[in-house]
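*Asks:* When you get a sec, could you give me coordinates for this:
(one chain, ligands or ions: 1)
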Amino acid sequence: MEAFSDSFSGNRLCGYRRGRIFLFKTGQLSKKNDRKGIKSIRGIAFRKNGEAVKTKRGEIVNNLHKLPMPSKYFNFQHLSLTRGCPGECTFCGSPRFWGKKVRFFSIDYFVKQLVLLYKKGITFFYFSDDTFTISKNRVIEICKKILEKKLKIVWVAISRVNYVNDEIIYWMKKAGCIQISYGVESGSEKIRNSLNKNISTNQIKKAFSVTLKYGILARAYFIYGCPEESLESIQDTIDLIREIKPLSTIFYILDIFPGTTLYEEYKKKFNVTDDIWLKRVEDIMYFETDPKLSEKMILDFGKKLRTSYYKMLPEFVDSISLIDKKELYPMHSDFLSRLAMTFDHGDYAEIESIKEKEKIAEKLYKRSLQYCPDPRAFLGLGIAKQKSSNYKQSVKILAKGIKHFPNDQKLHLCMGISYMNLLEYKKALSYLRPFQESKEVQPYIANCYKALDNFTNDYK
Ligand code: SF4
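*Replies:* This is a model prediction of the structure:
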């Protein structure tokens, strides 16, 4: 359910949201395959003498655990437990791409991959299944194995609102999950039904509430510019957002991708064939095919959705209420300080329509420290005080942080900078010198020595 698109030099790889298409220049297929005839490779398409050629559909692999283990040979962060999704959303290419039957990698295969990658130093993962939580028991078992093997990892996942509950979210949180993305699509039940989304408003509300309660960021995907979209349905979406309080949203305009039900309907309605792609069309936006919608309407809808969301976001942050379980306090602390960072350094830092971002961040850092000492929270508050030129206060906060995390380079560097601003270079050096091997720290050490030299020369 996640949007992705990458371009590589030479090859073009187009991964369309829910309508995966892969384009290769045929010249880049190996010579060996050329000799055999690339037609023998199933599941590909290419141009030959200007004509599009499509080979037979690739065979479905049923025993996924028998596939080679890529983590033995490559480093990567995207893993999946499943192939396929039981959903039948009209805009999504997954059912056609994978088939409707969901196939699973074995738990051992999945965990082995994680362990191999972890041993190579990778600690952040994207579990990129269409719906990671389809099998509750499998996911819980994986989470328990992550904990048993003491893998210090964080990861994000994608799910459907009707496949989560308290138990699975609890284990996911314990095992390092920090974000779950859900396709909500629209606040209008009528539009969700027309997209065949098959989820109820109640399920959406429950999933967002349980996810946030455990301190996992629940991200909502929305689609606008759908059949029958109107100002009223956009307002329904805004009303739903107000209720479910997502801390992150992504708004897409409905696109018609090949392999989707919408695409088949489009071909029938306009009496066209797959040959439309020979004209190198980038995409087909749904609104361009619907006389009731115009580009201006779509742009206005998008603007209304985004500005309304950003206006409500500070209230959502204020209303966060985390479950009171002592064992989760360190994770709550981590969740709040991560969220704070998105406001003062991350995604939200650049968004003008979010007001008082730094104040929001400061509040979150302070809330984080109410649960547990957290290096990110100490650092965030230390930097906030530096920004307001309150260096003495910054030193006070950072000193507490360093007491808890004596080996944290960032806290030491920040402390050094605060002392430099207070013109106390010797003290600054006492915090910077233990990290003199670090390229990031070295310029500050040099500046301290320079300042001390100038100072001595001035008084010679
Ligand atoms: S739930 Fe719908 S949108 Fe998500 S992967 Fe399944 S079919 Fe696609």
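*Asks:* any idea which residue sits dead centre in this structure?
*Replies:* Nearest to the mean C-alpha position of the chain, by C-alpha atoms, centre = their mean, lies Val156 at 6.5 Å.
*Asks:* Helix, strand, or coil at that one?
*Replies:* Following DSSP: H, G, I helix; E, B strand; the rest coil, we place Val156 in the strand state.
*Asks:* The spatially closest residue to it that is not a sequence neighbour: what's it in contact with?
*Replies:* Take Val156 and drop its neighbours on the chain: the residue closest to it by C-beta to C-beta, 6 or more residues apart in numbering is Gln179, 4.1 Å away. From N, CA and C alone the C-beta is placed, and that goes for glycine too. Going by C-beta atoms under 8 Å, 6 or more residues apart in numbering, Gln179 touches Val156, Ala157, Ile216, Leu217, Ala218, Arg219, Ser248.
*Asks:* Those residues: which two are farthest apart?
*Replies:* Distances among the contacts of Gln179 were taken as C-beta to C-beta; the most separated pair is Ala157 and Ser248, at 13.7 Å.
*Asks:* So if I had to pick from the two, which one is more boxed in?
*Replies:* Ala157 (23 against 17; other C-beta atoms under 10 Å).
*Asks:* ok, what's across the strand from that one?
*Replies:* Phe127, Ile180 (DSSP bridges).
*Asks:* Find me the pLDDT at the residue nearest to Val156, would you?
*Replies:* We have a pLDDT of 98 for Gln179.
*Asks:* Helices of the stretch 201-350 of the chain, start to end?
*Replies:* 201-213, 231-244, 261-270, 295-318, 329-344 (DSSP state H, counting those that start in this stretch).
*Asks:* Need the contact partners of the third one.
*Replies:* Residues external to helix 261-270 that are found in contact with it (C-beta under 8 Å, 6+ apart): 19, 88, 90-91, 196, 254, 256-257, 272-274, 284, 286, 289.
*Asks:* List the buried residues in that helix.
*Replies:* Thr261, Leu262, Tyr263, Tyr266 (16 or more other C-beta atoms under 10 Å).
*Asks:* ok, which pair from the residues you listed is furthest apart?
*Replies:* The widest separation within the buried residues of helix 261-270 (C-beta to C-beta) is 9.6 Å, between Thr261 and Tyr266.
*Asks:* shouldn't Phe132 be in contact with Thr82?
*Replies:* Yes: counting by C-beta atoms under 8 Å, Phe132 touches Thr82, with 7.2 Å between them.
*Asks:* between those two, who's got more neighbours?
*Replies:* Neighbour count, other C-beta under 10 Å: between Phe132 and Thr82, Phe132 has more, with 28 against 22.
*Asks:* Now do the contacts for Lys112.
*Replies:* Lys112 is in contact with Met69, Ser71, counting by C-beta under 8 Å, 6+ apart.
*Asks:* as a whole number, average confidence for the helix or strand where it lies?
*Replies:* For Lys112, the host element (DSSP states H and E) is helix 107-119. On average, the pLDDT along helix 107-119 is 97.
*Asks:* Using PDB, write out the CA atom coordinates for that helix.
*Replies:* Taking Å, rounded to 0.1, in the frame of the first residue of the first chain, the C-alpha atoms of helix 107-119 are listed here in PDB:
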ATOM      1  CA  ILE A 107       8.600 -17.400  10.300                       C
ATOM      2  CA  ASP A 108      12.100 -18.900  10.300                       C
ATOM      3  CA  TYR A 109      12.900 -17.500   6.900                       C
ATOM      4  CA  PHE A 110      11.700 -14.100   7.800                       C
ATOM      5  CA  VAL A 111      13.600 -14.000  11.200                       C
ATOM      6  CA  LYS A 112      16.700 -15.500   9.600                       C
ATOM      7  CA  GLN A 113      16.800 -12.600   7.100                       C
ATOM      8  CA  LEU A 114      16.400 -10.100   9.900                       C
ATOM      9  CA  VAL A 115      19.200 -11.600  11.900                       C
ATOM     10  CA  LEU A 116      21.600 -11.700   9.000                       C
ATOM     11  CA  LEU A 117      20.900  -8.100   8.100                       C
ATOM     12  CA  TYR A 118      21.100  -7.100  11.800                       C
ATOM     13  CA  LYS A 119      24.500  -8.700  12.000                       C
END
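*Asks:* so Tyr329 makes contact with Tyr371?
*Replies:* Yes: with contact defined as C-beta under 8 Å, Tyr329 reaches Tyr371; the gap is 4.4 Å.
*Asks:* so how many other residues sit close to the closest residue to the ligand within the stretch 301-450 of the chain?
*Replies:* Proximity to the ligand, evaluated over the stretch 301-450 of the chain using C-beta to the nearest ligand atom, is greatest for Leu305 at 19.0 Å. Leu305 has 20 neighbouring residues, counting by other C-beta under 10 Å.
*Asks:* Pretty sure it sits against Ile223.
*Replies:* No: if you go by C-beta under 8 Å, Leu305 and Ile223 don't touch, sitting 10.5 Å apart.
*Asks:* Mutual contacts of these two, please.
*Replies:* Common contact partners of Leu305 and Ile223 (C-beta under 8 Å, 6+ apart): Phe251.
*Asks:* now what about the helix or strand hosting Ala384, what contacts it?
*Replies:* Using DSSP H and E, Ala384 maps to helix 375-387. By C-beta under 8 Å, 6+ apart, the residues outside helix 375-387 that reach it are 333-334, 336-338, 340-341, 344, 358, 361-362, 365-366, 368-369, 391, 393-394, 397-398, 400-401, 404-405, 408, 410-411, 414-415, 417-418, 421.
*Asks:* now the residues you listed: which count as buried?
*Replies:* By 16+ other C-beta under 10 Å, the contacts of helix 375-387 give 333-334, 336-338, 340-341, 344, 358, 361-362, 365, 368-369, 391, 393-394, 397-398, 401, 405, 408, 410-411, 414-415, 417-418 as buried.
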